[in-house]
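**Q** next come a sequence and a model predicted from it.
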Amino acid sequence: MVVDKINSFLSESREVNDPVRLELIKNLFTHCFQRQFLTDKKRDSGKLYLSSCGKCPRQLAYSFHDYEPLGKTIDSRSRITFFVGDTLEIMTTQLAQISGCDLTDTGFEQKTVSVIVEGKEVFGHPDGILDKNILFECKSMSSFAFKDFEKGEIDDDYLAQVNIYMHALGLKKCVIVAVCKDSGVLGEQVINYDENIAKLALENMALVLKSTKENLPKGRYTFDEKTGFYPFNCLYCGFWGHCKPNAKKVVVKNAYKLKEKGETK
């Protein structure tokens, strides 16, 4: 649908002379560089976004209620990872349009969509709209995640995000284009709207909005009783120090893991 057109275009000897588009691409990359490297990111206290609707409600509540981060920090590696993801999205959407896809509402013209949860309007910004009635989303991923994606295995958090976008837009289908960061290979999956997933995403956000700083939602994850290790979701949370006060980072085979203190492997 999209990937075939991009690959076909890139396989041809074709010169595109479009100064307006080139200026747009330059501005998009400049904005991306400025946002990720030259601007201090402010804490989003009191805010909730549709893109995070599937994440652990306790993690979202810590940010919503302005807790000081105590866990995974936004370091140089994180900033570069976010930048690479942004640039690959720009690359993919622009190549899709140049190669003849009817792709709109991208880049600076992204739609702002919203849903009402507990009387509060929660906003999001889908990557684009394909053929006027299909949600378009682009995601960069490692080769490990890309193999799962090619088999149709998509992260639950991301499924929640695309379904809540479809819910907000009244659409029934989504095309996800994935870019493997290690190989440059493109992949594509078509996702049909799932009312149950959207309902769970709405309920998840409601848990956050109904919570208080003193009464947070229950966390989604716990440690493995045999090994004491928490899932990677906890290790990469910026608030695990609040949520898991008895946990510590340990090195296992040259990689960090989060482990409950006192537990043995």
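**A** Cool, got the structure.
**Q** please tell me I have it right and residue 257 contacts residue 231.
**A** No - Residue 257 is beyond contact range of residue 231, at 9.5 Å (criterion: Cβ atoms under 8 Å). All C-beta spots, glycine's among them, are computed from the backbone N, C-alpha and C.
**Q** which secondary structure elements does the helix or strand hosting residue 79 contact?
**A** Using DSSP states H and E, residue 79 sits within helix 76-98. Using 3 or more Cβ pairs under 8 Å, 6 or more residues apart in numbering; DSSP states H and E, the elements in contact with helix 76-98 are helix 3-11, helix 19-37, strand 103-104, strand 134-141, strand 173-180.
**Q** ok, residues contacting the first one?
**A** Around helix 3-11, the neighbours that count as contacts under Cβ atoms under 8 Å, 6 or more residues apart in numbering are 92, 95-96, 98-101, 177, 186-188.
**Q** and if we set it to 10 Å?
**A** 16, 91-92, 94-101, 103, 175, 177-179, 185-188 (Cβ atoms under 10 Å, 6 or more residues apart in numbering).
**Q** make a PyMOL selection of whichever of the residues you listed turn out to be buried.
**A** Restricted to buried positions by 16 or more other Cβ atoms under 10 Å, the PyMOL selection for the contacts of helix 3-11 reads:
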select buried, resi 91+92+94+95+96+97+98+99+101+103+175+177+178+179+186+187
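**Q** make TSV out of the helices and strands packed on helix 76-98 and add distance to residue 121 and mean pLDDT.
**A** Shown next, in TSV, are those (distance: least, Cβ to Cβ, whole Å; pLDDT from 0 to 100):
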stretch	distance to residue 121	mean pLDDT
helix 3-11	35	96
helix 19-37	24	97
strand 103-104	24	98
strand 134-141	20	98
strand 173-180	22	98
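**Q** show the contacting residues for residue 27.
**A** Here residue 27 is in contact with 107-108 (Cβ under 10 Å, 6+ apart).
**Q** next, give phi and psi for residue 220.
**A** phi -80, psi -30 (degrees, to the nearest 10).
**Q** that one and residue 127: what is the separation?
**A** Residue 220 sits 26 Å away from residue 127, going by Cβ to Cβ, to the nearest Å.
**Q** okay, these two: which has more neighbours?
**A** residue 127 (24 against 14; other Cβ atoms under 10 Å).
**Q** that one reaches residue 134, doesn't it?
**A** No - Residue 127 is not in contact with residue 134 according to Cβ atoms under 10 Å; the separation is 11.7 Å.
**Q** what's the overlap in contacts for these two?
**A** 103, 174.
**Q** hmm, back to that, so which of the helices and strands packed on helix 76-98 comes closest to residue 225?
**A** strand 134-141 (30.3 Å; Cβ to Cβ).
**Q** could you list the domains of this protein?
**A** The chain breaks down into these domains under automatic domain parsing: 3-220, 222-265.
**Q** so what does the helix or strand containing residue 257 touch, helix or strand wise?
**A** In this assignment (DSSP H and E), residue 257 forms part of strand 255-260. Contact here means 3 or more Cβ pairs under 10 Å, 6 or more residues apart in numbering; DSSP states H and E; on that basis strand 255-260 packs against helix 232-235, strand 247-252.
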